[in-house]
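Colleague: 3D, please:
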Amino acid sequence: MEKYDIVVIGAGPAGLTAALYALRAGYKVLTLEGKAVGGQIVNSTKIKNYPAVIEISGPDFAKNLRTQVENHGGIIKLEKAESVISNGEGWTVKTDMDEEYSAAAVILATGATPRALDLPNEERLVGRGVSYCATCDGNFYKDKIVAVNGGGNTALYDALYLADLAKKVYLIHRRDEFRGDKALVEQLSQKDNVEFVLSAQISKIVGDEHLEKIILDNGRELTVDGLFVAVGYKPQNEIFKEVVALDEDGYIKTEDGVHTSAKRIYVAGDARKKELKQLTTAVSDGAIAATTAIQEM
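Modeller: Residues are numbered from 1 along each chain as shown. A predicted model of the protein is given here:
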């Protein structure tokens, strides 16, 4: 069994930043990733809101961060963690490759994925009209026509944000009233460029190289340049439910943003419930988790 000081589970910005900070402090670190290194940020065609970086693509940002980790001696393995088990002295992480790794501390940075509509063309048009992050991509739709799909606070905040940028915002919800705060609904109702489309669901997403229009289940067609899907997030924490406490939505419980219910298991990024899911907050979480783990080892 290979032994490490820290095993990081998840190689998105939070996990890679945690690994980088621990490596720079002189610790032996393994990062495990079950899908693709970089996390959700690789789907962003352009990043323009990261401090001191004028513009960079998501794939390039992820590539640079990975290179930093590897240049500091970090090991990244494309293996999916399947369990974390106490071994008396620390933790043993088992993977889908039948490998086992031991560590004094574990940092969980598995993130959360936006819930999709599961419609044809949706995945293919991500980054080409379909987005799951208004604050990330909204600026690309200045003076254009967009739609937001969802009825909770995230969708309402997205619509408010986009209303100050876009020419027109359709806010689509499958029920006859929104689930979010009434104060937000009232603010939106005062916006001349926002139209509520209630009791309707998107049934088709149309476009070849770029999103062209969406078709609702009532037959209405909306010609739009962008569609922002805001129907919630799904955390990737099911495999940890026997070792750390999860809330009712499957997020890792933490009172201070880093400590879990298990000793020397920490959390970083969107694996915990948080108000702002952004690149800056992800890397901040990673730095804090690694620094805390080091202090308590």
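Colleague: isn't Val130 right up against Ile205?
Modeller: Yes. Val130 is within contact range of Ile205, at 6.9 Å (criterion: C-beta atoms under 8 Å). Backbone N, C-alpha and C define where each C-beta goes, glycine included.
Colleague: overlap in contacts, the two.
Modeller: Listed as contacting both Val130 and Ile205 by C-beta atoms under 8 Å, 6 or more residues apart in numbering are Glu122, Leu211, Leu227.
Colleague: could these be laid out in JSON lines, adding secondary structure and neighbour count?
Modeller: Listed next are the shared contacts of Val130 and Ile205 as JSON lines, based on DSSP: H, G, I helix; E, B strand; the rest coil; neighbours: other C-beta atoms under 10 Å:
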{"residue": "Glu122", "secondary structure": "coil", "neighbour count": "17"}
{"residue": "Leu211", "secondary structure": "strand", "neighbour count": "24"}
{"residue": "Leu227", "secondary structure": "strand", "neighbour count": "25"}
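Colleague: now these as a markdown table including pLDDT and distance to Ser199?
Modeller: Shown next, in a markdown table, are the shared contacts of Val130 and Ile205 (pLDDT from 0 to 100; distance: C-beta to C-beta, whole Å):
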| residue | pLDDT | distance to Ser199 |
| --- | --- | --- |
| Glu122 | 97 | 22 |
| Leu211 | 98 | 23 |
| Leu227 | 98 | 19 |
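Colleague: any idea how far stretch 262-270 is from the middle of the chain?
Modeller: Distance, stretch centre to chain centre, for stretch 262-270: 16 Å (C-alpha atoms, centre = their mean, to the nearest Å).
Colleague: neighbours of Ala240, just the number please.
Modeller: To be clear, residue 240 is Phe; Ala isn't right here. Residues near Phe240, counting by other C-beta atoms under 10 Å, number 25.
Colleague: who's in contact with it?
Modeller: Val84, Leu108, Leu246, Ile252.
Colleague: give me the pLDDT for it.
Modeller: pLDDT recorded at Phe240 is 96.
Colleague: distance check, it against Leu246.
Modeller: Separation of Phe240 from Leu246 (C-beta to C-beta, to the nearest Å): 7 Å.
Colleague: overlap in contacts, those two.
Modeller: Common neighbours of Phe240 and Leu246 (C-beta under 8 Å, 6+ apart) are Ile252.
Colleague: need the next SSE after the helix or strand containing Leu20, C-terminal direction.
Modeller: Taking DSSP states H and E as the criterion, Leu20 maps to helix 13-24. Next in sequence after helix 13-24, counting helices and strands by DSSP H and E, comes strand 29-32.
Colleague: list the contacts of that next one.
Modeller: The contact list for strand 29-32 (C-beta under 8 Å, 6+ apart) reads 2, 4-11, 15-16, 19, 22-23, 69, 74-77, 79-81, 93, 95, 101, 103.
Colleague: ok, back up a step: out of the contacts of Phe240, which two sit at the greatest distance?
Modeller: Using C-beta to C-beta, the contacts of Phe240 reach their maximum pairwise distance at Val84 and Leu246, which is 13.2 Å.
Colleague: who has more neighbours, those two?
Modeller: Neighbour totals were compared for Val84 and Leu246, and Val84 leads with 21 against 18 (other C-beta under 10 Å).
Colleague: pretty sure that one contacts Trp91?
Modeller: Yes. Counting by C-beta under 8 Å, Val84 does reach Trp91; the two are 5.5 Å apart.
Colleague: between these two, what contacts are shared?
Modeller: The contact sets of Val84 and Trp91 overlap at Val106, Ile265 (C-beta under 8 Å, 6+ apart).
Colleague: hang on, the earlier thing: so of the contacts of strand 29-32, which ones are in helices?
Modeller: Of these, the ones assigned to helices by DSSP state H are Gly15, Leu16, Ala19, Ala22, Leu23, Val69.
Colleague: and the protein, what are its domains?
Modeller: Following automatic domain parsing, the chain resolves into domains at 2-113+233-295, 116-229.
Colleague: quick one, which of those is packed in tightest?
Modeller: Mean neighbour count (mean count of other C-beta atoms under 10 Å) peaks for domain 2-113+233-295 among the domains of the chain, with a mean of 19.
Colleague: helix/strand/coil for Val84?
Modeller: Three-state assignment for Val84 (DSSP: H, G, I helix; E, B strand; the rest coil): strand.
Colleague: how close does it get to Leu20?
Modeller: 22 Å.
Colleague: give me the contacts around the lengthiest helix in the chain.
Modeller: Secondary structure of the chain per DSSP H: the longest helix is helix 279-295. Identification of contacts with helix 279-295 by C-beta under 8 Å, 6+ apart yields 6, 12-22, 25, 27, 39, 41, 47, 49-51, 61, 105, 107, 109, 136, 257-259, 264, 266-270, 274.
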